[in-house]
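> have a look at this prediction, sequence included:
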Amino acid sequence: TGIGACQAYASGGNVEGDHYDSIMKSTFTGASGVVKFKRDDDGELENSRDMSTLKFGMHNIRPSETDASGMRGYESVLYALWSEDNKYINAQGEAESGAWQVVDGAEFYFYGQTTTEPGPIRTVFNANYIPRTTQRIGFAAVGLSCIISLLSAAWVFVNRKERIVTAGQPPFLYLLCLGSILVAISLIFISFDEGKGWSKSQLDRGCSLFPWFFMFGYLTIYCALLCKLWRLSKLMQFRRKTVSMYQVLAPFGVIMLCTLFVLLIWQIKDPFIWDRKTINYDPLETIGECQVEGNLLAYLLPLGFLIVIVTFGTAFYAWKLKDVQSDLSESKMIFFGIFSHLQTWIVGIPIVVITGESSKEAEYMMMVALTFIFSTTMVGFVIWPKIFEWFSEKYGKGQTKATVIISTTRQQSRISGLQTSSGNNNSVNVGRKSSTTDNSAQQRESHDQQSLQEEEAEGPETFQQEVDNTV
């Protein structure tokens, strides 16, 4: 006002009449910087300030550091500046003047000293929480899977001296059940959300634990089968006198160490965190899910590679031992299990990805189905046929037993009680003999004795060993 009056007086005009015009024409520096009034396209003065001389600041009011006396106040930290010189891109893709720009190195702290933006204040129309009924279905699937695996392991332990269990190598059957339980338990960690009373930190931990339990469980299943078949394959090569369990655990150890290495890097550098995002604004709809801030493929690809290795390694040895008696290798049933898992991966994963963007309930139900199939398939295909056969032998009318006939010219070799031979001109005849009547039994025994006599006439020493011993 004073500058306008001085300019009007200095120009020799009427201060009272020219005062307003002098103010509008003046340019000066004030507390907010250079002050200049705006002109229209015709050069006429407008009753507003020229925006090119104006800046706005956004300040973050937050608690300050505690002083020596233990007191803590509040401080105002400049977070961003608005200026006409800053450019932004509008909806039409054109650059326009006037935008906010964050001050270099500044961080905005929300309530609770967190840099994570809180959810919308207005009422959420649909938060896509997992319904209680759906959650109970998931828990029921977990419980059923664990019961199946525990009962199967218990049956193996109780009947570990039975021929049919001995031939299946009980230690690896225990590992198979353990892996199935870990896969089933992994579902628990993704069965909660804010609607069940879990905080974000609890949900973050649940997201992080899921890949640990699932990967170690899934790989334990296949490593147990791989080592089991590899052990039998080494026996069939007749190169060692004894093939113990510890001599074939190398693949198991290597795969587990590689998995541990990848998961540790994932957990340290870019762990899974719980994130709730808005998927619709009118009406307001959100969805929560486990996400990583970085590149998820950087961790999924090496883990997927390990899964492919153990899967195809197991399939290879199952094919290699396809002609060996089913009580020993279970090749056919293992193939069925692998085929079921491949179908589940191919069909299930795309459905999980698609439903995860729109419906948490549908995504969760697919995860329930996937974990249930992965955790029960191999147990059902490998152990349950043994249970049915054992029940048939024990309570059925006929009895069935496996016989391994091996002819050799030199020293014997064995796999945990199962005798074989090594030397030149080795031959293995693995078959079954069963009898439902005394006549059929006598006929098969006569046939076996005749075969043995023919081999003895050719020179090599022959022996017949029933699979009766413990592994």
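Ah, there it is.

> end to end, how far does stretch 379-387 reach?
End-to-end distance for stretch 379-387: 11 Å, by Cα to Cα, to the nearest Å.

> quick one: contacts of it?
148-149, 152, 155-156, 164-165, 168, 173, 176-177, 180, 225, 327, 330, 333-334, 336-337, 340 (Cβ atoms under 8 Å, 6 or more residues apart in numbering). Yep, even glycine has a C-beta here, placed from its N, CA and C like the rest.

> give me the subset of those lying in strands.
Using DSSP state E, no member of the contacts of stretch 379-387 sits in strands.

> right, and the helix or strand after the helix or strand containing M366?
Assigning secondary structure by DSSP states H and E places M366 in helix 360-382. Going down the chain from helix 360-382, the next helix or strand is helix 384-395, by DSSP H and E.

> what's the angle between that next one and helix 360-382?
Helix 384-395 runs at 50 degrees relative to helix 360-382, counting by axes from the mean of the first three to the mean of the last three Cα atoms, to 10 degrees.

> buried sites along helix 384-395?
P385, K386, I387, W390, E393 (16 or more other Cβ atoms under 10 Å).

> tell me which stretches of this protein form strands.
Ranges of strands within the chain are 27-30, 33-39, 45-49, 55-63, 74-89, 95-102, 273-281, 284-291, 399-408, 412-415, 418-421, 427-435, 461-466, based on DSSP E.

> so where do the helices sit in the chain?
Ranges of helices in the chain, per DSSP state H, are 2-10, 15-25, 132-158, 163-167, 170-186, 200-236, 250-269, 297-320, 326-329, 331-355, 360-382, 384-395, 438-458.

> so which of those is nearest K87?
Comparison of these against K87 by Cβ to Cβ identifies helix 15-25 as nearest, at 28.6 Å.

> M236 and Y109: what is the separation?
Distance, M236 to Y109, by Cβ to Cβ, to the nearest Å: 67 Å.

> and these two? Which one has more around it.
Shown here are M236 and Y109; by other Cβ atoms under 10 Å, M236 has more neighbours (19 against 14).

> returning to that earlier point: of all the helices of the chain, which one is nearest H59?
H59 lies closest, by Cβ to Cβ, to one member of the helices of the chain: helix 200-236, at 26.8 Å.

> state the mean pLDDT of that closest one.
Regarding helix 200-236, the rounded mean pLDDT is 90.

> next, the buried residues of it.
Of the residues in helix 200-236, 203-236 count as buried by neighbour count, 16+ other Cβ under 10 Å.

> just name the shakiest helix or strand of this protein by mean pLDDT.
Ranking every helix and strand in the chain by mean pLDDT, DSSP states H and E puts strand 461-466 at the bottom, with a mean of 31.

> before we move on, the earlier item: could you export the helices of the chain as TSV, including distance to V102?
Formatted as TSV, the helices of the chain follow (distance: least, Cβ to Cβ, whole Å):
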stretch	distance to V102
helix 2-10	35
helix 15-25	35
helix 132-158	41
helix 163-167	67
helix 170-186	40
helix 200-236	25
helix 250-269	25
helix 297-320	28
helix 326-329	65
helix 331-355	34
helix 360-382	33
helix 384-395	62
helix 438-458	86
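
> out of those helices, which comes closest to W82?
Nearest to W82, of all the helices of the chain, is helix 15-25, at 24.1 Å by Cβ to Cβ.

> in terms of pLDDT, where does the nearest residue to N295 once chain neighbours are set aside sit?
Once flanking residues are discounted, N295 sits nearest to D270: 7.9 Å by Cβ to Cβ, 6 or more residues apart in numbering. For D270, the pLDDT comes out at 89.

> what distance do you get for D270 to L306?
Distance, D270 to L306, by Cβ to Cβ: 19 Å.

> where's the residue nearest to P271 when sequence neighbours are not counted relative to S375, distance?
Nearest residue to P271 in three dimensions, chain neighbours excluded: S208, at 4.9 Å (Cβ to Cβ, 6+ apart). S208 sits 20 Å away from S375, going by Cβ to Cβ.
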